[in-house]
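Q: structure for this input, please:
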Amino acid sequence: MIELYYYPDNASLAPHLLLAEIQVDYSLKLVDRESNAQKSKEYLKLNPAGRIPTLVHNELVLFESPAICIYICELDADSKFIPSIGHVNRPLFFQWLTYLNNTFQAEFMVWRYPDQHTTDAKGIEGIKAAQDLRLVKILALLDEELSKKTFLLGSNVSACDHFLFMLTLWCGNISQPPTSFTNLNQFMGKMCQRSVIQKVCEFENIDLGLYL
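A: Sure, this is the predicted structure:
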């Protein structure tokens, strides 16, 4: 049995979606961020970074959301959500997953927690304003990419799209939210039509009303 340590509407969402997509047996272990449980001694034994998510499968303990997503994809015998080795789209899969994690998510986290990126409280609003502009540019880049195809790798959904879906949900409060980008908005609408996404988001109490 796979165990996913999660918190609702957190970086665990993409792995949660993929576990549901491939219909593997799994259980969810809530890590209560409200009580800072991710920094507890017990949790740090599993994940020394003290972050969410963590996946446990047999003897394997794995953290970092993109790594967990890749692992889940490769548990699927049909490889529906990751291109097979040698497929022309496999390098692009890793390109986009890396961009989403290393650029999009990283920039978002500075916007979300600007106080953790300065020792001068007077600079917090300036950091947030600068990050807002950076996030808008990232959304514009992704919107342009999605003008050429339905999903990031073409006509079929991959784990990159689940990851993009998760990050896009988080950006509803920036100056130009995802709904202001035609192709990205359409992408979100298509993802929200997936029954698995509706089921998982209902479980995690995530409102999809903007895109349905």
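
Q: please parse this protein into its domains.
A: For the chain, the structural domains run 2-75, 90-194, going by automatic domain parsing.

Q: turn those into a markdown table, columns for distance to N205.
A: The way it works is simple: take the backbone N, C-alpha and C, and place the C-beta from them, glycine included. Shown next, in a markdown table, are those (distance: least, Cβ to Cβ, whole Å):
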| stretch | distance to N205 |
| --- | --- |
| domain 2-75 | 6 |
| domain 90-194 | 12 |
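
Q: of all the ones you listed, which lies closest to I206?
A: Among the domains of the chain, the nearest to I206 by Cβ to Cβ is domain 2-75 (5.3 Å).

Q: average pLDDT for the lengthiest helix in the chain?
A: Counting residues, the longest helix in the chain under DSSP state H turns out to be helix 124-145. For helix 124-145, mean pLDDT is 97.

Q: and the domains of the chain as a markdown table, adding mean neighbour count and distance to P83?
A: Output for those, formatted as a markdown table (neighbours: other Cβ atoms under 10 Å; distance: least, Cβ to Cβ, whole Å):
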| stretch | mean neighbour count | distance to P83 |
| --- | --- | --- |
| domain 2-75 | 17 | 10 |
| domain 90-194 | 17 | 4 |
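
Q: out of these, nearest to G209?
A: Taking Cβ to Cβ, domain 90-194 is the member of the domains of the chain nearest to G209, at 9.4 Å.

Q: span of that closest one from start to end?
A: 23 Å (Cα to Cα, to the nearest Å).

Q: gap between that domain and the chain center?
A: When distances are taken as Cα atoms, centre = their mean, to the nearest Å, domain 90-194 is centred 9 Å away from the chain's centroid.

Q: quick check: closest non-adjacent residue to F187.
A: Residue nearest to F187 in three dimensions, not counting chain neighbours: L146, with 5.1 Å by Cβ to Cβ, 6 or more residues apart in numbering.

Q: quickly note the distance from that neighbour to F163.
A: Computed as Cβ to Cβ, to the nearest Å, the L146 to F163 distance reads 14 Å.

Q: what's the answer for D25, then?
A: D25 is 23 Å from F163, by Cβ to Cβ.

Q: what do you get for T98?
A: Distance of T98 to F163, given as Cβ to Cβ: 10 Å.

Q: what's the answer for I174, then?
A: I174 sits at a distance of 18 Å from F163 (criterion: Cβ to Cβ).

Q: same deal with L208?
A: Using Cβ to Cβ, L208 is found at 17 Å from F163.

Q: L13 is in contact with E204, correct?
A: Yes - E204 sits in contact with L13 when judged by Cβ atoms under 8 Å, with a separation of 6.7 Å.
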